[in-house]
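Just to be clear, the model below is a prediction. Sequence and coordinates:
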Amino acid sequence: MSGLRFLSRRRFLARAAQAAACVAAPQFIPAGVLAGAGRVGANDRINLAWIGVGRRAHQMHHDLRSAPSVPGEARVVAVSDVYLEKCHRYLKAYEEEVLGREGGPYGIYQDYREMLDRKDIDAVIIPTPEHWRALAAIHACQAGKDVYAEKPLSLTLREGRAMVEAARKYRRVFQVGTQQRSMFRNREATELLRNGRLGRIHTVVCQRWPSARPYSEFDIPAEPVPEGMDWDRWCGPTEPVPFSMRVYLTYNNPGWHNIWRYSGGALANAGSHALDIVQWGLGADDTGPVEVWAERAACDAHVTYRYANGVLLPAAGNDDGSHLVGKKSFKVDFVPVLEDRFRAGFSAWHRSPPPRRRADSGFR
């Protein structure tokens with residue numbers, strides 16, 4: 001009995017009265033927690049977080065505004081960036097351009113791993129430079145978050161495979177921004193091709209995009225690191241270099257986009273869009289070229305790819321898009337030129353209705 005505490009009759013009655021008052025008193029719950037007409041409940045809302053809130057994150061505000069699920073069913077609740085000032089800039093723009101009012105509360109993090117520890121975050125958006133994208137995406141999958149990552153998805157083939165393996169292992173929804181498949185003009189051109197309207201394709205001529213160049217080829221002066229920026233964290237898995245706005249900004253003589261250790265350059269960035277449509281049109285989603293050669297060792301060299309069925313893909317053009325060459329010639333991507341004789345009878349062979357134009361972010 002020594003472990004029991006004596007409870008007097010007076011104390012017992014006092015506690016009983018308190019409990020009764022709690023049961024009888026009305027419990028006021030904020031309206032925003034409950035579902036209603038045109039409003040989802042808190043348990044149904046998708047909580048989003050950003051890893052990297054620079055140039056691309058601001059560009060995607062248009063996509064967030066145009067997606068029916070945002071901001072009603074999905075809200076940004078946390079942001080992470082190595083430069084804390086960018087977090088505040090982004091949230092201000094998000095409220096002005098997407099919500100149209102004040103939001104929050106928001107979590108602001110310099111180390112995205114701390115943000116991923118939050119249990120209330122459902123999905124993350126990752127528009128970081130390519131050298132950081134794989135590790136952030138894998139960590140997000142491990143933390144049980146679904147992922148939308150910008151393209152190009154990875155810096156190396158091995159990183160890409162590791163991301164696929166993580167998404168499968170942790171059973172996550174993982175989307176990459178190859179949204180040009182949702183554009184009607186690309187769908188139309190692809191169906192022309194796959195339904196045999198161009199005959200047998202033997203060549204696809206793509207635009208020639210330059211790749212990135214080694215850091216050593218640029219004369220980049222060192223600058224003071226801005227207050228509030230963790231430059232070592234920005235360098236991340238790459239060899240650290242002195243801070244410079246000419247590295248930190250995407251396109252800035254040269255900008256990280258044009259430096260090998262951070263990016264594949266325009267070939268990986270813009271090229272991934274058009275080459276993705278080529279893969280789709282050729283029915284080669286589950287495979288790819290079996291041979292690649294360049295005319296010379298240079299970042300702007302003409303490159304030719306060969307598929308197992310003999311189709312050649314020379315990246316040697318000077319204008320946007322890809323030209324499919326068979327018995328007839330056709331241009332796909334960006335500004336397709338549909339010949340009148342192809343348009344005639346289009347509805348007769350078109351096997352399925354075109355999809356509704358989606359927002360570039362792919363949120364639905």
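Now that the structure is in, tell me what you want to look at. No experiment lies behind these values; they were computed from the predicted model shown.

how far away is residue 199 from residue 283?
15 Å (C-beta to C-beta, to the nearest Å). Heads up, the C-betas are built off the backbone N, CA and C, glycines and all.

so where's the protein uncertain?
Per-residue confidence for the chain (pLDDT under 70) gives these ranges: 1-43, 68-72, 317-364.

okay, now the domains of it?
Residue ranges for the domains of the chain, per automatic domain parsing: 40-177, 183-212+264-349, 224-260.

Quick one, which of those gets closest to residue 218.
For the domains of the chain, distance to residue 218 was read as C-beta to C-beta. The smallest value, 5.5 Å, belongs to domain 224-260.

circling back to that earlier point, so which of the domains of the chain is the most surrounded?
Each of the domains of the chain was scored by mean neighbour count; the highest is domain 40-177, a mean of 18, by mean count of other C-beta atoms under 10 Å.

nearest spatial neighbour of residue 85, skipping sequence neighbours?
residue 228 (5.4 Å; C-beta to C-beta, 6 or more residues apart in numbering).

scratch that, residue 107
Using C-beta to C-beta, 6+ apart and skipping the chain neighbours, the partner closest in space to residue 107 is residue 78 (3.7 Å).

helix/strand/coil for the one you found?
strand (DSSP: H, G, I helix; E, B strand; the rest coil).

Residue 166 versus that one, what's the distance?
Between residue 78 and residue 166 the computed distance is 21 Å (C-beta to C-beta).

can you tell me which residues contact the residue nearest to residue 85?
83, 84, 85 (C-beta atoms under 8 Å, 6 or more residues apart in numbering).

where do the strands sit along the stretch 201-350 of the chain?
Per DSSP state E, counting those that start in this stretch, the stretch 201-350 of the chain carries strands over the ranges 203-207, 291-294, 303-306, 312-317, 322-325, 329-332.

picking that back up, my guess is the residue nearest to residue 107 contacts residue 112, does it?
No - Residue 78 is not in contact with residue 112 according to C-beta atoms under 8 Å; the separation is 9.3 Å.

Please tell me how far the residue nearest to residue 85 sits from residue 83.
Applying C-beta to C-beta, one obtains 6 Å for the distance of residue 228 from residue 83.

Distance from the chain centre to stretch 137-147, please.
A distance of 13 Å separates the centroid of the chain from that of stretch 137-147, by C-alpha atoms, centre = their mean, to the nearest Å.

and for that stretch, what are the contacting residues?
Contacts for stretch 137-147 (C-beta under 8 Å, 6+ apart): 49, 51, 112-113, 116-117, 121-124, 126, 149, 162-163, 166-167, 169-170, 172-175.

make it 7 Å
Contacts made with stretch 137-147 from outside it, assessed by C-beta atoms under 7 Å, 6 or more residues apart in numbering, are listed as 113, 116, 121-124, 126, 149, 162-163, 166-167, 170, 172-174.

Stretch 110-125 too?
Identification of contacts with stretch 110-125 by C-beta under 7 Å, 6+ apart yields 46-51, 77-78, 80, 82, 84, 107, 109, 136, 139-140, 143, 145-148, 230.

Let's see the distance spanning it from one end to the other.
With C-alpha to C-alpha, to the nearest Å as the measure, the first residue of stretch 110-125 is 15 Å from its last.

Also stretch 176-190?
The first residue of stretch 176-190 is 20 Å away from its last residue (C-alpha to C-alpha).

now the helices for the chain?
Defined through DSSP state H, the helices belonging to the chain, from first to last, are 9-24, 55-59, 61-66, 84-94, 112-116, 130-142, 157-169, 184-194, 231-235, 245-248, 265-281, 340-343, 346-349.

For residue 303, which of those is the nearest?
Relative to residue 303, the nearest member of the helices of the chain by C-beta to C-beta is helix 265-281, separated by 8.1 Å.

Now do the closest one and helix 130-142, the angle between them.
Relative orientation of helix 265-281 versus helix 130-142 (axes from the mean of the first three to the mean of the last three C-alpha atoms, to 10 degrees): 50 degrees.

any idea how far helix 265-281 is from the chain center?
Its chain's average C-alpha position is 15 Å from that of helix 265-281, according to C-alpha atoms, centre = their mean.

Which residues outside it are in contact with it?
By C-beta under 7 Å, 6+ apart, the list of residues contacting helix 265-281 from outside reads 151-152, 178, 180-181, 186, 190, 193-194, 204, 206-207, 209-212, 257-258, 285, 299, 313, 321-322, 324, 332-333.

Let me know the angle separating that helix from strand 312-317.
Our comparison of helix 265-281 with strand 312-317, counting by the same axes, to 10 degrees, yields an angle of 140 degrees.

and the angle from helix 265-281 to strand 203-207?
Here helix 265-281 points in a direction 150 degrees away from that of strand 203-207 (the same axes, to 10 degrees).

Give me the contact list for stretch 295-305.
Under the contact criterion C-beta under 7 Å, 6+ apart, stretch 295-305 has outside partners 208, 210-213, 265, 289, 292-294, 312-316.

Quickly check those for the two that are furthest apart.
Farthest pair in the contacts of stretch 295-305, by C-beta to C-beta: 213 and 312, 26.5 Å.

residues touching residue 248, list them.
Residue 248 is in contact with residue 256, counting by C-beta under 7 Å, 6+ apart.

what do you get if the cut-off is 10 Å, keeping everything else the same?
Under the criterion of C-beta atoms under 10 Å, 6 or more residues apart in numbering, the neighbours of residue 248 are 54, 82, 83, 129, 223, 225, 226, 229, 231, 234, 255, 256.

if we can go back for a sec, which among the contacts of stretch 295-305 gets closest to residue 98?
Distances from residue 98 to the contacts of stretch 295-305, taken as C-beta to C-beta, are shortest for residue 265 (30.9 Å).
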